[in-house]
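Peer 1: coordinates for the following, if possible.
(one chain, ligands or ions: 2)
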Amino acid sequence: MSVLDITNLEAGYGGMPVLHGVALSVGRNESVAVIGANGSGKSTLVRAICGLIPILAGEVRLGDVSLQAIPAHLRVGRGIAAVLEGRHLFGELSVRDNLRLAAAHGARLRPGARRFDVAQVGALFPFLGGRMDSAVELLSGGEQQMVAIARALLLNPDLLILDEPSTGLAPKVVREIMAVIARLRESGMSILLIEQNVALAAECADRAYVMAVGRVVHEIHAGQWSTFRQDETLLRAYLGGAAGPAS
Ligand SMILES: Nc1ncnc2c1ncn2[C@@H]1O[C@H](COP(=O)(O)OP(=O)(O)O)[C@@H](O)[C@H]1O
Ligand SMILES: [Mg+2]
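Peer 2: Ligands and ions are numbered 1, 2, ... in the order given. As a prediction, this is how the structure comes out:
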């Protein structure tokens with residue numbers, strides 16, 4: 001059964017659709033990537049799933065619940081946690097306080113779903129242990145991204161959505177973050193990973209959807225990653241050739 005099931009989705013801004021007939025799903029214990037060039041609609045898709053923009057047509061279902069009528073702030077309680085572009089952390093608060101707030105929120109909204117506590121996310125991101133009392137705004141971009149992922153996990157999600165977690169970060173930090181995503185995947189977390197870099201997506205996802213101009217234009221099924229990465233025509237057409245470094 002799917003955790004996330006999207007059919008025929010139209011969503012956009014000011015009543016104008018950016019997404020056209022998008023259909024995708026994420027199964028339980030599955031990690032699925034969405035790849036596509038800048039401006040192809042990936043973050044718009046995330047915003048529609050999270051309820052930050054209205055759904056103009058089609059349906060977004062989480063398990064057997066249709067999300068349309070559920071406002072954004074209640075979707076966490078339904079099992080969605082997202083790390084959005086820009087991260088939206090409380091910069092003046094310490095790492096510990098950012099995490100404590102999320103843990104309290106998660107415990108209140110999803111009491112039966114307890115999966116992570118602060119100590120467990122600390123073990124996933126060992127660096128956090130030494131930085132618990134630092135103000136988040138004093139951390140590097142990569143460290144902030146780790147706090148943002150840790151915070152999302154403390155909401156005890158059924159589905160973790162990550163919108164380009166590697167963007168703008170140093171290669172070493174990207175490796176660390178991808179290793180954590182890979183471990184989460186192995187632990188059975190259902191993940192929707194937005195990622196422009198095909199090589200990184202291939203490391204962390206079972207399969208993927210390729211978006212271009214607001215549509216899903218191609219699907220990479222499990223086991224097809226290497227074929228896709230060698231298909232120059234597809235890569236050029238959909239991603240401007242941006243396969244990313246081979247790993
Ligand atoms: N807040 C917004 N208002 C109006 N148009 C937007 C807004 N955000 C994104 N768009 C438009 O939607 C399209 C898809 O953007 P986006 O979903 O951010 O793409 P991606 O995340 O794939 O780079 C782009 O054409 C962009 O200009
Ligand atoms: Mg984006």
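
Peer 1: so which bits of this protein are right by ligand 1?
Peer 2: With C-beta under 6 Å from any ligand atom as the criterion, the chain meets ligand 1 at residues 13, 18, 36, 38-44. Where C-beta positions appear, they are placed from N, C-alpha and C, glycine not excepted.

Peer 1: isn't Ala135 up against Gly91?
Peer 2: Yes: at 6.8 Å, Ala135 and Gly91 qualify as touching, with contact defined as C-beta atoms under 8 Å.

Peer 1: secondary structure element holding Ser25?
Peer 2: In this assignment (DSSP states H and E), Ser25 forms part of strand 16-27.

Peer 1: packing partners for that strand?
Peer 2: With contacts defined as 3 or more C-beta pairs under 8 Å, 6 or more residues apart in numbering; DSSP states H and E, strand 16-27 has these neighbours: strand 2-13, strand 31-36, helix 42-50, strand 55-62, strand 190-194, strand 215-220.

Peer 1: between these, which one is nearest to ligand 2?
Peer 2: Nearest to ligand 2, of all those, is helix 42-50, at 3.2 Å by C-beta to the ion.

Peer 1: related to what we said a few turns ago, could I get the helices and strands packed on strand 16-27 as TSV with distance to ligand 2 and mean neighbour count?
Peer 2: As requested, these are arranged in TSV below (distance: least, C-beta to the ion, whole Å; neighbours: other C-beta atoms under 10 Å):
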stretch	distance to ligand 2	mean neighbour count
strand 2-13	14	19
strand 31-36	9	26
helix 42-50	3	23
strand 55-62	18	17
strand 190-194	7	24
strand 215-220	16	18
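
Peer 1: mean pLDDT for the ones you listed - can I get that in a markdown table?
Peer 2: As requested, those are arranged in a markdown table below (pLDDT from 0 to 100):
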| stretch | mean pLDDT |
| --- | --- |
| strand 2-13 | 96 |
| strand 31-36 | 96 |
| helix 42-50 | 96 |
| strand 55-62 | 95 |
| strand 190-194 | 97 |
| strand 215-220 | 94 |
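
Peer 1: turn the ones you listed into a markdown table, including distance to Val174.
Peer 2: As requested, the helices and strands packed on strand 16-27 are exported to a markdown table (distance: least, C-beta to C-beta, whole Å):
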| stretch | distance to Val174 |
| --- | --- |
| strand 2-13 | 25 |
| strand 31-36 | 15 |
| helix 42-50 | 18 |
| strand 55-62 | 29 |
| strand 190-194 | 13 |
| strand 215-220 | 21 |
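
Peer 1: of the ones you listed, which approaches Leu124 most closely?
Peer 2: Go through the helices and strands packed on strand 16-27 one by one with C-beta to C-beta and the one that ends up closest to Leu124 is strand 190-194, at 13.8 Å.

Peer 1: average pLDDT across the helix or strand following that closest one?
Peer 2: Following strand 190-194 in sequence order, the next helix or strand is helix 198-204 (DSSP H and E). Average pLDDT, helix 198-204: 90.

Peer 1: and if you look at stretch 86-96?
Peer 2: Per-residue pLDDT values across stretch 86-96 average out to 88.

Peer 1: what sits up against it?
Peer 2: With contacts defined as C-beta atoms under 8 Å, 6 or more residues apart in numbering, stretch 86-96 is touched by 97-98, 101, 118, 128, 131-137, 139, 144-145, 147-148, 151.

Peer 1: buried among those residues? Make that a PyMOL selection.
Peer 2: The following PyMOL selection, which keeps only the buried ones among the contacts of stretch 86-96, applies the criterion 16 or more other C-beta atoms under 10 Å:
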select buried, resi 98+118+128+131+136+139+144+145+147+148+151
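
Peer 1: the contacts of stretch 86-96 in strands, which ones?
Peer 2: Members of the contacts of stretch 86-96 lying in strands (criterion: DSSP state E): none.
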